[in-house]
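Student: A structural model of the following input is requested.
(one chain, ligands or ions: 1)
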Amino acid sequence: MKVKVLVLGRLLQSLHEKLVEHAEIEYVDREAPLAQDMLMAHLKGKEAVISEPLDTISSELMDACPSLKLISNRAVGFDNVNLMQATQRSIVVTNTPGVLDAATADLAMALLLACARRICEADRYVRQGKWTGFKSDLMLGPDLFGKTAGIIGIGRIGQAFAQRARAFGLKLVYTRNAPRDEQDDKFKDEFHAQRVELEELLQRADFISIHCPLNSQTRHLIGQAELDRMKPECILINTARGAIIDQQALVSHLVQRRIYAAGLDVFENEPEVPQQLLELDNVVLLPHIGSACFETRRRMSELAVDAVIAAFSGSRPEHVVNADAWNQERWDLITKEHQTATSK
Ligand code: GLV
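Tutor: Reported below is the predicted structural model:
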């Protein structure tokens, strides 16, 4: 008996073919977040789901779908899944780290350049027919070279951003949620980066890029007080998760021009974007496309599909985020049950 899998979104044909060898697949391709009852209706009777940041996998959903054993989240972030509740129910959760670092760091750098050099604003200016000729004071913005970038969270994506920032001649400070260790020496050697406390980073950085995961410790990590500490010329970039910033506080800082600009690929209640942001020139707004490159998205999907195939073949998937939920004996049994049902 094949595994019953719900795929939220699409799969490339080659990956569909790979998965369909092992699974009976239902696809739900949705443009906007599905209401929980709709999601519930599709998830009923499924043993695995390939989900994305758009899909909230709540404890109610888990309760309503007792056959669910695996949530293969096609993203590195997994804040859309109630991890604690999944673990309590022995539902294994996997993600797709390592394959999207360069793409996401590229986008953070693109946002920084777009904000500093006012690229979107300048593009609108040309399209609107406002350009009358070269002017030495037209669309000025801050130089990058020689300035200081602050990196909040220096995991894989933060390090990829550090490499790019160094190439642009930026000095680096960073925060890290771990005790000091040899990694800090490595960052010093490799990026000439200095580890500081958040408060110091906020005060020293000309540009700040957020690269930490969203969890209970980082929700609203950047609030009113933190924004107050930033330099008025600071540019804030977020390609991580919207709720790491208190969005209301950020909007009011931007409206009052208390920081220079913001480049946002993520928002607190996606896909909602506050009207006030839409009206500002000093923000660049993107629809959560950090990893949206052909090769990167293919690799993410491959990892998500491979996790389903591995688990239901009795092998621990490569990227399990709730290690406690993986019980080899249980999965051996699940695999055996499937094989027995197939051979009948
Ligand atoms: C996308 O946002 C991801 O977490 O991979």
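Student: contacts and neighbour counts: CA atoms only from here.
Tutor: Noted.
Student: helices of the stretch 201-344 of the chain, start to end?
Tutor: 224-229, 247-255, 275-278, 294-311, 328-343 (DSSP state H, counting those that start in this stretch).
Student: mean neighbour count, distance to residue 54 and mean pLDDT for those helices - can I get that in a markdown table?
Tutor: Putting those into a markdown table (neighbours: other Cα atoms under 10 Å; distance: least, Cα to Cα, whole Å; pLDDT from 0 to 100) gives the following:
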| stretch | mean neighbour count | distance to residue 54 | mean pLDDT |
| --- | --- | --- | --- |
| helix 224-229 | 17 | 27 | 98 |
| helix 247-255 | 18 | 18 | 98 |
| helix 275-278 | 12 | 21 | 98 |
| helix 294-311 | 20 | 15 | 98 |
| helix 328-343 | 13 | 28 | 91 |
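Student: now these as a markdown table including distance to residue 178?
Tutor: Below are the helices of the stretch 201-344 of the chain laid out as a markdown table (distance: least, Cα to Cα, whole Å):
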| stretch | distance to residue 178 |
| --- | --- |
| helix 224-229 | 20 |
| helix 247-255 | 26 |
| helix 275-278 | 34 |
| helix 294-311 | 27 |
| helix 328-343 | 30 |
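Student: of all the ones you listed, which one comes closest to the ligand?
Tutor: helix 294-311 (8.1 Å; Cα to the nearest ligand atom).
Student: just to revisit the earlier point, out of the helices of the stretch 201-344 of the chain, nearest to residue 136?
Tutor: Closest to residue 136 of the helices of the stretch 201-344 of the chain, according to Cα to Cα: helix 247-255, at 26.1 Å.
Student: and the closest one, how far from the chain's centre?
Tutor: When C-alpha coordinates are averaged (Cα atoms, centre = their mean, to the nearest Å), helix 247-255 and its chain have centres 21 Å apart.
Student: in terms of secondary structure, what does that helix contact?
Tutor: For helix 247-255, the helices and strands in contact under the criterion 3 or more Cα pairs under 8 Å, 6 or more residues apart in numbering; DSSP states H and E are helix 224-229, helix 275-278.
Student: for the first one, packing partners?
Tutor: Meaning helix 224-229. Here helix 224-229 touches helix 198-204, helix 247-255, going by 3+ Cα pairs under 8 Å, 6+ apart.
Student: adding distance to residue 171, write those helices out as JSON lines.
Tutor: Output for the helices and strands packed on helix 224-229, formatted as JSON lines (distance: least, Cα to Cα, whole Å):
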{"stretch": "helix 198-204", "distance to residue 171": "11"}
{"stretch": "helix 247-255", "distance to residue 171": "25"}
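Student: could you redo those as JSON lines and give each row distance to the ligand?
Tutor: Output for these, formatted as JSON lines (distance: least, Cα to the nearest ligand atom, whole Å):
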{"stretch": "helix 198-204", "distance to the ligand": "23"}
{"stretch": "helix 247-255", "distance to the ligand": "17"}
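Student: nearest to residue 217, out of those?
Tutor: Closest approach to residue 217 among those is made by helix 198-204 (13.3 Å; Cα to Cα).
Student: quick one: average pLDDT of that closest one?
Tutor: For helix 198-204, the mean per-residue pLDDT is 98.
Student: other residues contacting it?
Tutor: Applying Cα atoms under 8 Å, 6 or more residues apart in numbering, the contact partners of helix 198-204 are 148, 150, 152, 173, 174, 175, 208, 226, 227, 229, 230, 231.
Student: where exactly do the strands run in the protein?
Tutor: Secondary structure of the chain (DSSP state E): strands located at 3-8, 23-28, 48-51, 70-73, 92-94, 148-152, 171-175, 193-195, 207-210, 235-238, 261-264, 283-285.
Student: closest to residue 122 out of the ones you listed?
Tutor: Nearest to residue 122, of all those, is strand 283-285, at 11.8 Å by Cα to Cα.
Student: could you name the helices and strands sitting against that closest one?
Tutor: Against strand 283-285 (3+ Cα pairs under 8 Å, 6+ apart) you get helix 101-116, strand 261-264.
Student: make TSV out of those and add mean pLDDT and mean neighbour count.
Tutor: Formatted as TSV, the helices and strands packed on strand 283-285 follow (pLDDT from 0 to 100; neighbours: other Cα atoms under 10 Å):
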stretch	mean pLDDT	mean neighbour count
helix 101-116	98	23
strand 261-264	98	26
